[in-house]
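Undergrad: Mind looking at a prediction? Sequence and model below.
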Amino acid sequence: MPVEILMPALSPTMEEGTLAKWLVKEGDVVKSGQILAEIETDKATMEFEATDEGVMGKILIAAGTEGVKVNTAIAVLLEEGDAADAVVAPKKAAVPVAAAVAAPVVAVAAPAPVATGARVLASPLARRIAKDKGLDLSTVAGSGPHGRIVKADVEGASAAPKAAPAPAATPAPAPVAVAAAAAAPKPVDANAVMKLYEGRAFEEVKLDGMRKTVAARLTEAKQTIPHFYLRRSVQLDTLMAFREQLNGQLSARGIKLSVNDFIIKACALALQKVPAANSVWAGDRMLRLKPSDVAVAVAIDGGLFTPVLKDAHLKSLSALSAEMKDLATRARSRKLAPQEYQGGSFAISNLGMFGIENFDAVINPPHGSILAVGAGIKQPVVKADGSLGVATVMSMTLSVDHRVIDGALGAEFLSAIIENLENPLAMLA
């Protein structure tokens, strides 16, 4: 029976993608795990692997096609014994399926085993392995498209007697809506906007997948997250002197620490000192993380990545610096794997290098907060002894999700960050 190959969801935010390149052609023999195509998601270009084996019967979506919806049939794979004329126009799948990709992805639950008596969907290779092992395929859960049993499902399974037919399950009552959904805002009418500018010169810029995703997620964030803002300033002179000293000692190893490296470390340690702030919003509950997984915003051409530095509280400044440089470089070339920019409970957005003195950042859901960092500027200050002086002062604004972090807790967290930055030597203890 021909098998539909569906457009995979290669990231949690992906709704459609571009089928950039086919690496096989019609008539080619396909092995399980073989790279079939390169697909551009909303964030990166990724390789798509075959989960089954057979012969490529027909390619339904040509290379270079944009806007291919997730779970749309993109090709048809012929099994052993299938004729080329067995290919029929496939229907779009109604239920999302897991896709195997070269980079690791988040695991999804396997479908329930097929009930005895029902037709079992399995690849020829899986059937041969099951026959050799004496396996009853109706007891095996398939992880392929539409619950299809593939090689990996039977390799680790052991023979067991056929299960008796299960009694028909009583359908659960439909959930009762607790409250009516809020009315969706009226979408912008592009034609109406363009009409306003008739007679004026302009260029229409097509949105790519990343820009569409950024627009959708930030609109959702501002509409659904109750933001509030906490503002503090930090004096950087002690940190700048300490950084200069460390860089002098590390220059022989080719290491140069940035102020941003110290900010990452200060925030990671503050999350450990104020663990209640190390939380994310999960709909009907909060998740309080134990490690300090700190996301850092990286601007790229046409969009934004937030790669995550995991266990940042346990890493040295030099290790954080090297990892951040690597993540930023690969982010700008869109080569990050999904697990490298997903997760974390907190983010940093630093526009100080662009001369921005202060700003308010939008929280990246499901994070509980984000720190907006401005430029360090020399300003007159009143010293501890009451005399006037000049200091390098940096403005910081903590945007907070009030569902996760209350005002006093947010203030405690921001104070811990500032304490670390104004006493940098203590961060090495």
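TA: Noted; the coordinates are in hand.
Undergrad: Next one: the residue nearest to the spatial centre of the chain from S399, what distance?
TA: In the chain, the centroid-proximal residue (CA atoms, centre = their mean) is Q342; its distance is 3.3 Å. In this view, Q342 and S399 are 20 Å apart by CB to CB, to the nearest Å. No exception for glycine: its C-beta is placed from N, CA and C like everyone else's.
Undergrad: now L327
TA: From L327 across to S399, the span is 22 Å (CB to CB).
Undergrad: How about S251?
TA: 36 Å.
Undergrad: Which of those two has more residues huddled nearby?
TA: Taking S251 and S399 together and counting by other CB atoms under 10 Å, S399 has the greater number of neighbours (25 against 10).
Undergrad: would the more buried one count as being in a strand?
TA: Yes - with the criterion set as DSSP: H, G, I helix; E, B strand; the rest coil, the secondary structure at S399 is a strand.
Undergrad: That one and V362 touch, don't they?
TA: Yes - between S399 and V362 a contact is recorded at 6.9 Å, counting by CB atoms under 8 Å.
Undergrad: list residues touching both of the two?
TA: 227, 370 (CB atoms under 8 Å, 6 or more residues apart in numbering).
Undergrad: Just checking: what are the partner strands of the host helix or strand of G17?
TA: Per DSSP states H and E, G17 falls inside strand 16-22. Next to strand 16-22 in the sheet, as set by DSSP bridges, lie strand 35-40 (antiparallel), strand 65-69 (antiparallel).
Undergrad: gap between the residue nearest to the centre of the chain and G134?
TA: The value you get for Q342 to G134, if CB to CB is used, is 41 Å.
Undergrad: Please apply the same query to F242.
TA: Distance from F242 to G134, by CB to CB: 68 Å.
Undergrad: For those two, indicate the residue with more neighbours.
TA: F242 (18 against 10).
Undergrad: Phi and psi next, for the residue nearest to that one when sequence neighbours are not counted.
TA: Excluding its sequence neighbours, the residue lying closest to F242 (CB to CB, 6 or more residues apart in numbering) is P424, at 4.7 Å. Backbone torsions for P424, taken as degrees, to the nearest 10, come to phi -60, psi -30.
Undergrad: so P424 sits right up against L239, yeah?
TA: Yes - assessed by CB under 8 Å, P424 is found in contact with L239 at 4.7 Å.
Undergrad: so what sits against both of the two?
TA: By CB under 8 Å, 6+ apart, the residues touching both P424 and L239 are F262.
Undergrad: more neighbours, those two?
TA: Relative neighbour count places L239 above the other of P424 and L239, with 24 against 20, counting by other CB under 10 Å.
Undergrad: looking at it, V29 is touching G57, isn't it?
TA: No - V29 is beyond contact range of G57, at 11.5 Å (criterion: CB under 8 Å).
Undergrad: Name the residue in these two with the higher neighbour count.
TA: Set V29 next to G57 and count neighbours by other CB under 10 Å: G57 wins out with 23 against 10.
Undergrad: what's the spacing between the closest residue to the more buried one other than its chain neighbours and I61?
TA: Among residues not flanking G57 along the chain, L78 sits closest, at 4.0 Å (CB to CB, 6+ apart). L78 sits 17 Å away from I61, going by CB to CB.
Undergrad: So for the two, which sits in the more crowded spot?
TA: For L78 and I61, the more surrounded residue by other CB under 10 Å is L78, and the numbers stand at 21 against 16.
Undergrad: Look at F346 and say how many residues are nearby.
TA: F346 has 29 nearby residues by other CB under 10 Å.
Undergrad: And the one 3 residues further on, by the same measure?
TA: By other CB under 10 Å, 22 other residues sit near S349.
Undergrad: before we move on, what about A375?
TA: Applying other CB under 10 Å, we find 17 residues neighbouring A375.
Undergrad: State whether it is indeed within a helix.
TA: No - A375 is assigned strand when assessed by three-state DSSP, not a helix.
Undergrad: who's in contact with it?
TA: Contacts for A375 (CB under 8 Å, 6+ apart) come out as 351-357, 394.
Undergrad: Now the two most distant members of these.
TA: Based on CB to CB, the longest span within those runs between F354 and M394 and measures 13.7 Å.
Undergrad: Settle it for me: which of the two has more neighbours?
TA: M394 (24 against 9).
Undergrad: now the more buried one: how far from L314?
TA: Separation of M394 from L314 (CB to CB) stands at 26 Å.
Undergrad: Let me know the outermost residue of this protein.
TA: Relative to the chain centroid, the chain (CA atoms, centre = their mean) has S387 farthest, 49.6 Å.
Undergrad: Buried ones in the helix or strand K378 falls within, by neighbour count?
TA: Per DSSP H and E, K378 falls inside strand 369-382. Buried positions in strand 369-382, judged by neighbour count with 16 or more other CB atoms under 10 Å: 369-376, 381.
Undergrad: Name the nearest of these relative to L36.
TA: For these, the nearest to L36 is I370 (37.9 Å; CB to CB).
Undergrad: so who does the closest one touch?
TA: Taking CB under 8 Å, 6+ apart as the test, what I370 contacts is 346-349, 361-364, 398-399.
Undergrad: go on, K25?
TA: Taking CB under 8 Å, 6+ apart as the test, what K25 contacts is 56, 59.
Undergrad: mind redoing it with 7 Å?
TA: M56 (CB atoms under 7 Å, 6 or more residues apart in numbering).
Undergrad: same question, V55
TA: 27, 29-30, 78.
Undergrad: let's see it at 8 Å
TA: 27-30, 77-78, 82.
Undergrad: Let's see if you can find the most crowded of the residues you listed.
TA: Neighbour max across these (other CB under 10 Å) = L77, 24 neighbours.
Undergrad: would that one count as being in a strand?
TA: Yes - assessed by three-state DSSP, L77 belongs to a strand.
Undergrad: Show me the beta-bridge partners of it.
TA: L77 has the following beta-bridge partners by DSSP bridges: V3, M56.
Undergrad: surely it meets L6?
TA: No - between L77 and L6 there is no contact, the gap being 11.0 Å when judged by CB under 8 Å.
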